[in-house]
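Chemist: sequence plus the predicted model coming up.
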Amino acid sequence: MADPLLEVCDLRVRFRSRGSVVHAVQGIDFSVEPGQTLAIIGESGSGKTVSAYAVMGLLPPTAQVSGSIRFKGVEVVGLGEKALQDHRGRNAAMVFQNPERSLNPTMKVGAQITEAVRRHLPLSRPQAHERAVELLRMVRIPAPQRRFHEYPHQLSGGMRQRVIIAIALACEPALLIADEATTALDVTTQAQIMNLLLDLQQELGTALLMISHDLALAASYAEEVMVMYAGRIVERARAADLFGNVRMPYTRALLDAIPRTDLEPHVLLPVIGGRPPDLSAVMPGCAFAPRCPDVRQDCREVVPPLERHEMDHWWACWHPCAKEAAS
Amino acid sequence: MTGHAGGTATAGQGSLLEVRHLVQEFVLRDYGGAKGGVLQAVADVSFDLRTGETLGIVGETGSGKSTLARSVIQAPPPKHGAVIFQGTDLVGLSHRAMKPVRRDLQMVFQDPFTSLDPRWTVSRIVAEPLAAYAIGSRANRRERVNSLLDLVGLDPATYGSRRPRELSGGQAQRVAIARALVLEPKLILCDEPVSSLDVLVQAQVLNLFEKLRSELSLSYLFIAHDLAMVRQVSDRVAVMYLGRLCEIGPVRDIYRRPLHPYTLALLDSIPNPDPAVARREADHVISGELPSPLDPPSGCRFRTRCPRAQELCATQTPEMRPLGADGHLVACHFPLSGAAPAPAPAGAQADAEPAAVKR
Amino acid sequence: MAAPVASLAMGVPGADPSAPQRRPRAQGLLRSLEITIPGAVLLVLLFFCFVWPLVYPVPSPTYGSVLDASLPMWSPGHIFGTTNVGYDNMARILYGGRTTFEVAAAVQVIGLVVGGLLGVIAGYAGGIVEAVMMRVLDVFIAFPSLVLILAIVDGLGQSELHVIWALSAFSIPAVARVARAGTLRLRDQPFVVAARLSSVRAWRIIAGHIVPNLMPQLFTFSLLGTGIIIILESGLDFLGYGIPDPAPSWGGMIAYGQTVMSVALSPLVVPSLFLFGTVVCLNLVGDGLRNRWGVR
């Protein structure tokens, strides 16, 4: 059993803003094995993006981070900026949501890749150029030699995202974090990019951490799915288990809310009301209690811990959904 | 090129909205004002919408679906074609002549935070159309506004005096919906109304659309980029690509027996969390990138990415013609007909053939 | 098209965009020192220029005995000394300040109302109306400001009122430009489209939607421009084209101070400091408000 690539222990992130404190992440533990595909799902305010930023060391100075993030055994929390710059790009790389904002519009695409390459690897200019073209080919951009000399605005959204992926993979990091990487793309492009990411994973042995609000996307492409709510992990399972054997009522609600093509039209979707809680107060009990259809008294008093209740299936709930009958 | 509702109804009978050969173009200007190029955002689109039905229009970036919606409400008016609403052609109507029409035709926009004036209170926002048409006294208007806020699930006492920035995305969109309803319209154009909302809130608002539809006998023209969402609310669905209609038909048909290769590609791209449903290799059904809308491919605009494209597709633009079930039309020279065994789409029923499994 | 991504892009990470954000208005305003301190200084100045002479027997700025001529600073009865003909400098500062503020206020109001109206109409109407209006305004903008103002005052004759007209010719086109740009931006916003779709009349859209949303931007632009107006006005006075002697003005005092610079510095330094301080405070308040209101 290989050592985990990434180990997060009791990670807590707080932000101070204008006198109030926001508890964005309230103690999460998880690990990622080499080559694994893990998806972190949550709505706005769940803390998924903040967690990813913490792993990358990208949080602003206003963030107070406690807990441990170990990458290949090396602690990331508390590292100096220089060491963090090495860590980013070499160990872990991130792909963001908006390809327009991640690429410099005044610089040619190829130059941006070579810049990333040369920052971390001691390559000469022609070597870097070759590597850049190779990377463009790897992300399946047709005519890579020509594209090298083009500007971002000459490429489509999907191609720009491929360029971002190429930059992220420049130094063959062991972990690739995709933060809503396909949210801004068309459905068909999304499928193409997701398949590309999975193929690259197999080729390079990179672990993939997918951050998304789209549970269907995650369950469809990831091996394991972790659901976050109000700064905590509420369920973690293999993708297959999540659909057929969902336990945490919040995950159930997320699944129910997905519009499905096999349902009858004009049928009302099962929904729950309310909104995620305000993160400036740490509430007693389960954060989902105010909205949960199965809430009981103890839910409001004590926070349910995340525990492994079944093989490869963790959940944090005092009264989980019943096990669905095998169909 | 008619795309009427089907059945034995002839075009024009019972149709709330008839769009005929709609063309919308934008002239791009270089620096200095010289004509740079013409973007044909909507090219020869025709369809019908009957009273009481919901037509979903699906398309990705560059499909022209939002432009289509704007052309229907004449903001700006289309370059060519006709938009016949309740028997009157809206194209060419003056701003004043449109006034009575607008009572029956309203729109809900994608981002509620830009479609509501950030400085106005909720009550004032919803009451604005009533004031514009000078309907009722102040007291009457307040009553009507309150009843509408109730209808969309917002307590008037709590929310009436709030401003948009004090609302959540879902609440703000409800206000936008209330405003669209205040004049008692017959048809509401919904331009991606839930795309900017969180997943659970999306479901809530979609349910609201459904509830209002049945309670108020509304018709919707529902625009989305997501085939799954449109299925929930639609009676018929139309698929657009690069400004043209690819396929239009009853909702069950489109999803179970898609005829156009692009529709199939869209269906296959929908991620399905059910592990029993196989995930298709996306590259098998669609390849390449979206062509530039400034210089679309000749003939069928989808041919550069279509796995079934032949020479004919480049030389001749396919016309919309009926195929398959009643009211199902497709614009394709080599459609996926019901006769030949089509590969099973990911969103189809369980009795479809299992496709190549990726993982 | 995309679901909202939480967080860091919005400034308060982890904050739920679906949670209502209510900002305590007046409370926050008073807390930001960058606005309150310069604002307080300005208020004190205004008080001394307008209110103080009404309650305290300040000597007349245009009457004095030759026996008290050219007294230095800190002389008893004349804190800032006197001019070469015996006028009290402190009084001249106060009354000169009055003129400065009066002119600045008048020009700003005229600029906002006339310029704002012209700009909004041009921006909303578009087409030939916009084109004609903007070209006319361009003519005014094309002139170097001081030249334009000098020409107008020269033509009309020297007086406070004519100075106001002249400076307005400078501020109206500037405000109109900003108003037009803002209107163009607002006109395409969905809430304006929605209002048109509800058959709201054009003037109601302008009055109810466009102008209120434009006000923060126009107001801060005006405020920041007030400093320039004051400097221009003082420049006119300095050149002798503005407020006619013997009426006091800061620019005029600076001109006089320049002539006696080699002998005494205070007649030059004191009005300069007042001018400098006023403009700096105005700019600080304008900047602070612009930051607070998030105006671009």
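Modeler: Sure, I can see it.
Chemist: could you find the closest non-adjacent residue to B:Ser63?
Modeler: Counting by Cβ to Cβ, 6 or more residues apart in numbering or on different chains, the nearest residue to B:Ser63 once its immediate chain neighbours are dropped is B:Met240, at 4.1 Å. No exception for glycine: its C-beta is placed from N, CA and C like everyone else's.
Chemist: where does residue 233 land on pLDDT?
Modeler: All of this refers to chain A. According to the model's per-residue confidence, A:Ile233 sits at a pLDDT of 92.
Chemist: hmm, no, I was thinking of chain C.
Modeler: We note a pLDDT of 89 for C:Glu233 in this prediction.
Chemist: measure it to B:Gln74 for me?
Modeler: Spatial separation of C:Glu233 from B:Gln74 under the definition Cβ to Cβ, to the nearest Å is 50 Å.
Chemist: go on, B:Glu184?
Modeler: B:Glu184 sits 20 Å away from B:Gln74, taking Cβ to Cβ as the criterion.
Chemist: give me the distance between the residue nearest the centre of chain C and chain A.
Modeler: Residue closest to the average C-alpha location in chain C (Cα atoms, centre = their mean): C:Thr226, at 1.8 Å. According to Cβ to the nearest Cβ, to the nearest Å, C:Thr226 and chain A sit 30 Å apart.
Chemist: report the central residue of chain A.
Modeler: Among the residues of chain A, A:Ile211 comes closest to the average C-alpha position under Cα atoms, centre = their mean, at 2.2 Å.
Chemist: my guess is it meets A:Thr182, correct?
Modeler: No. Counting by Cβ atoms under 8 Å, A:Ile211 stays clear of A:Thr182, with 10.8 Å between them.
Chemist: the more surrounded of C:Glu233 and B:Gln74?
Modeler: Between C:Glu233 and B:Gln74, C:Glu233 has the larger neighbour count (other Cβ atoms under 10 Å in any protein chain shown), namely 27 against 21.
Chemist: what sits against that one?
Modeler: Remark: with contacts taken as Cβ atoms under 8 Å, 6 or more residues apart in numbering or on different chains, C:Glu233 is in contact with C:Thr100, C:Val103, C:Ala104, C:Val163, C:Leu167, C:Gly242, C:Ser249, C:Gly251.
Chemist: all strands of chain B, in order?
Modeler: Taking DSSP state E as the criterion, chain B contains strands spanning B:15-29, B:35-50, B:54-59, B:80-85, B:88-89, B:105-108, B:187-191, B:219-224, B:236-241, B:244-250, B:321-322, B:329-330.
Chemist: would CSV of these with mean neighbour count and mean pLDDT be doable?
Modeler: Output for the strands of chain B, formatted as CSV (neighbours: other Cβ atoms under 10 Å in any protein chain shown; pLDDT from 0 to 100):
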stretch, mean neighbour count, mean pLDDT
strand B:15-29, 18, 89
strand B:35-50, 20, 87
strand B:54-59, 27, 93
strand B:80-85, 18, 93
strand B:88-89, 12, 90
strand B:105-108, 26, 94
strand B:187-191, 24, 95
strand B:219-224, 26, 93
strand B:236-241, 27, 94
strand B:244-250, 27, 93
strand B:321-322, 14, 90
strand B:329-330, 26, 92
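Chemist: show me what the longest helix belonging to chain A is packed against.
Modeler: What stands out as the longest helix in chain A, according to DSSP state H, is helix A:187-204. In this structure, helix A:187-204 makes packing contacts with helix A:157-168, strand A:175-179, strand A:207-212, helix A:215-221, helix B:261-269, helix B:282-285, judged by 3 or more Cβ pairs under 8 Å, 6 or more residues apart in numbering or on different chains; DSSP states H and E.
Chemist: separation between the residue nearest the centre of chain B and B:Asp253?
Modeler: Residue closest to the mean C-alpha point of chain B, counted by Cα atoms, centre = their mean, is B:Ile223 at 2.2 Å. With distances defined as Cβ to Cβ, the gap from B:Ile223 to B:Asp253 amounts to 20 Å.
Chemist: any buried residues in whatever helix or strand C:Ile229 lives in, and which?
Modeler: Secondary-structure assignment from DSSP states H and E places C:Ile229 in helix C:211-239. Residues of helix C:211-239 classed as buried: C:211, C:213-238 (neighbour count, 16 or more other Cβ atoms under 10 Å in any protein chain shown).
Chemist: export the strands of chain B to CSV and append columns for distance to B:Thr304.
Modeler: Compiled in CSV, the strands of chain B are given as follows (distance: least, Cβ to Cβ, whole Å):
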stretch, distance to B:Thr304
strand B:15-29, 21
strand B:35-50, 16
strand B:54-59, 17
strand B:80-85, 26
strand B:88-89, 35
strand B:105-108, 33
strand B:187-191, 28
strand B:219-224, 24
strand B:236-241, 11
strand B:244-250, 14
strand B:321-322, 22
strand B:329-330, 19
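Chemist: looking at those strands, which is nearest to C:Val269?
Modeler: Evaluated with Cβ to Cβ, the strands of chain B place strand B:15-29 nearest to C:Val269, the distance being 55.3 Å.
Chemist: paired strands for the closest one, with orientation please.
Modeler: Looking at strand B:15-29 with DSSP bridges, its partner strands are strand B:35-50 (antiparallel), strand B:80-85 (antiparallel).
Chemist: orientation of the first one relative to strand B:244-250 in degrees?
Modeler: Yep, that's strand B:35-50 we're talking about. Angle between the axes of strand B:35-50 and strand B:244-250 is 10 degrees (criterion: axes from the mean of the first three to the mean of the last three Cα atoms, to 10 degrees).
Chemist: and residue 163, what does it touch?
Modeler: This is for chain A. Going by Cβ under 8 Å, 6+ apart, the list of residues near A:Val163 reads A:Pro99, A:Leu103, A:Val109, A:Gln112, A:Ile113, A:Leu136, A:Val139, A:Ile141, A:Pro152, A:Leu155.
Chemist: um, chain C though
Modeler: Contacts of C:Val163 were listed using Cβ under 8 Å, 6+ apart, and they are C:Val103, C:Val153, C:Glu233, C:Leu236, C:Gly242, C:Ile243.
Chemist: figure out the helix or strand that A:Arg308 lives in.
Modeler: strand A:307-310.
Chemist: same deal with A:Arg101?
Modeler: Secondary structure assignment for A:Arg101, by DSSP H and E: helix A:99-102.
Chemist: which positions in that helix come out as buried?
Modeler: Of all the residues in helix A:99-102, those buried under the rule 16+ other Cβ under 10 Å are A:Pro99, A:Ser102.
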